[in-house]
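**Q** all I have is the shape, not the residue letters:
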Ligand SMILES: Cc1ncc(COP(=O)(O)O)c(C=O)c1O
Ligand SMILES: N[C@@H](CCOP(=O)(O)O)C(=O)O
């Protein structure tokens, strides 16, 4: 199965090639030319199966034979054996028709581990088959970085450079990146916001000579394989709640739009999802866009859910491509307008198509804290601020349709954000045993300005040094 770019001007690639490419050469994002579909009987059959076995079927269908099935089975088995819960992504009931899907039982306590633990193995496998090396560059608002570093640390074929916004991630998030002592890992604090970090990463990919010389690859959700791996938990959660015999809705705390897009992909693959409710924090660009049809950037404000302090929501481009019935010229025009003027307008037809599946609500700081406090008091369940936004969005969805179960994605463990959680609930969550001494570990990171040239020189020098030390 070939994968095409949202901007229509890059070579079509197989699953394995799209996995290694990350961003398309025309600046667009890859998507499969056609998505596989599961029948109602197949979806019903997912209920009660181990997570890894559903992952084999869903990721297997998306990889379409490009990764040999016994190798895929082994990699999936290893990836999810690293999770601390036997169900991998368990469902917990919080109220009438209200569920939390706990996606934070992986090594770095956020939903990013679900895809990243598999992605690390997939990339290493494909690079080994080809006898190649890669330089991974990634941007993080806090969670992707730690998850990527955990998944790629110590791999011989990969150097990994993670850019995070200086002073804008939690202490736990920063330390998960800066305390890993592996020669192939480079944590870089950038003087700027997450959007600056993400723009730098995209600029590196769009500098083709640099990209080719270093064999750049990406692990942000611009990489299609990340989305493919995240589709799985929509199937496991919905089938556990009675799909396909009844619809299930999802509420998703959203920043870069990768997680909620994975839900929309699951729907296109046959899963009868009711509504996809986007919850944003006070950086509410997506909520404003769904309401007005105008995507308009404003300054980013720092919130208690820092991983969602985002204005440029990369994966929204994939949805725009679909909502414009795969008209890549239209997507190019919108993205050009965003670059030139910080805004674009979505025409009535595509906007109606987006609204047919998605709702969006912005949850401010007070409401986020109130949700953490209320869920702790009423259900004895401790939410992190991101997951609280999901639960609050789920409550809004239930007001509109109380009969359809809503699954709120629990995207991070509360112990990643102990100060915000304690302030809202009075309870200070403890880190799990494997991270108990995180705050005492030695940190290594470099501070760079928001400057593409300086970043390129830094990456080239570090990558060269690691390779000559290894030779
Ligand atoms: C804990 C947490 N929740 C939610 C999000 C938002 O997810 P997405 O960027 O896929 O929309 C992020 C960052 O991606 C995150 O780290
Ligand atoms: N919230 C993310 C931002 C990057 O998202 P990604 O899903 O595109 O990797 C983070 O925690 O880094």
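**A** In hand now; what should we look at? Just so it is clear, the model here is predicted, and its values are computed rather than measured. Ligands and ions are numbered 1, 2, ... in the order given.

**Q** go ahead and confirm residue 264 touches residue 321.
**A** No. Contact criterion CB atoms under 8 Å: residue 264 and residue 321 do not qualify, at 11.9 Å. All C-beta atoms are positioned from the backbone trio N, CA, C, and that covers glycine.

**Q** which neighbours do the two share?
**A** With contacts defined as CB atoms under 8 Å, 6 or more residues apart in numbering, no residue is shared by residue 264 and residue 321.

**Q** for residue 384, give me phi and psi.
**A** phi -80, psi 170 (degrees, to the nearest 10).

**Q** can you tell me how far it sits from ligand 2?
**A** 12 Å (CB to the nearest ligand atom, to the nearest Å).

**Q** got a list of what that residue touches?
**A** Contacts of residue 384 by CB under 8 Å, 6+ apart are 104, 305, 372, 410-414, 416-417, 420-421.

**Q** filter these by proximity to ligand 1?
**A** 411-412 (CB under 6 Å from any ligand atom).

**Q** residues near residue 288, how many?
**A** 16 (other CB atoms under 10 Å).

**Q** what residues sit buried inside the helix or strand containing it?
**A** Using DSSP states H and E, residue 288 falls within helix 285-292. Buried residues in helix 285-292, defined by neighbour count with 16 or more other CB atoms under 10 Å: 285-290.

**Q** which strands or helices does it pack on?
**A** strand 273-280, strand 294-296, strand 358-362 (3 or more CB pairs under 8 Å, 6 or more residues apart in numbering; DSSP states H and E).

**Q** off-centre distance for that helix?
**A** The chain centroid and the centroid of helix 285-292 are separated by 20 Å under CA atoms, centre = their mean, to the nearest Å.

**Q** pairing partners for the closest residue in space to residue 90 that isn't next to it in sequence in the sheet, please.
**A** Leaving out its chain neighbours, the residue that sits closest to residue 90 by CB to CB, 6 or more residues apart in numbering is residue 102, at 5.2 Å. Counting by DSSP bridges, residue 102 forms beta bridges with residue 410.

**Q** ok, residue 102 to residue 260 distance?
**A** Distance, residue 102 to residue 260, by CB to CB, to the nearest Å: 17 Å.

**Q** and those two? Which one has more around it.
**A** A count of neighbours by other CB under 10 Å puts residue 260 above the other of residue 102 and residue 260, at 30 against 20.

**Q** tell me who's in contact with that one.
**A** Residue 260 touches 250, 252, 254, 276, 278, 358, counting by CB under 8 Å, 6+ apart.

**Q** I'd say the fifth one and residue 288 touch.
**A** Going back to what we said before, that points to residue 278. No. In this structure, residue 278 is not within contact of residue 288 by CB under 8 Å, at 11.4 Å.

**Q** residue 74: neighbour count?
**A** Applying other CB under 10 Å, I find that residue 74 has 13 neighbouring residues.

**Q** pLDDT at it, what is it?
**A** Residue 74 is assigned a pLDDT of 98 by the prediction.

**Q** same deal with residue 465?
**A** Model confidence at residue 465 (pLDDT) stands at 87.

**Q** and the buried residues of helix 285-292, which two are furthest apart?
**A** 285 and 290 (10.0 Å; CB to CB).

**Q** got the contact list for the residue nearest to residue 90?
**A** 85, 89-92, 410.

**Q** same check, this time on residue 358
**A** 260, 264, 275-278, 290.

**Q** compare those and tell me which is most surrounded.
**A** That'd be residue 260 among these, by other CB under 10 Å, with 30 neighbours.

**Q** element containing it, please.
**A** helix 258-268.

**Q** who in the stretch 251-400 of the chain is up against ligand 1?
**A** Within the stretch 251-400 of the chain, the positions near ligand 1 by CB under 6 Å from any ligand atom are 253-259, 307-308, 386.

**Q** which of those residues fall in helices?
**A** 258-259, 386 (DSSP state H).

**Q** can you give me the helices for the stretch 351-471 of the chain?
**A** Along the stretch 351-471 of the chain, the stretches classed as helices by DSSP state H, counting those that start in this stretch are 365-379, 385-400, 418-425, 452-470.

**Q** please apply the same query to the stretch 101-250 of the chain.
**A** Secondary structure of the stretch 101-250 of the chain (DSSP H, counting those that start in this stretch): helices at 112-130, 143-152, 171-178, 194-206, 208-214, 224-240.

**Q** what is the first one packed up against?
**A** It refers to helix 112-130. helix 15-21, helix 69-81, strand 134-139, helix 143-152, strand 158-165, helix 224-240.

**Q** dump the ones you listed to JSON lines, plus distance to ligand 2.
**A** Converted to JSON lines, those look like this (distance: least, CB to the nearest ligand atom, whole Å):
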{"stretch": "helix 15-21", "distance to ligand 2": "15"}
{"stretch": "helix 69-81", "distance to ligand 2": "17"}
{"stretch": "strand 134-139", "distance to ligand 2": "6"}
{"stretch": "helix 143-152", "distance to ligand 2": "3"}
{"stretch": "strand 158-165", "distance to ligand 2": "8"}
{"stretch": "helix 224-240", "distance to ligand 2": "7"}
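
**Q** just tell me which of these ends up closest to residue 44.
**A** helix 224-240 (6.9 Å).

**Q** cool, thanks, signing off.
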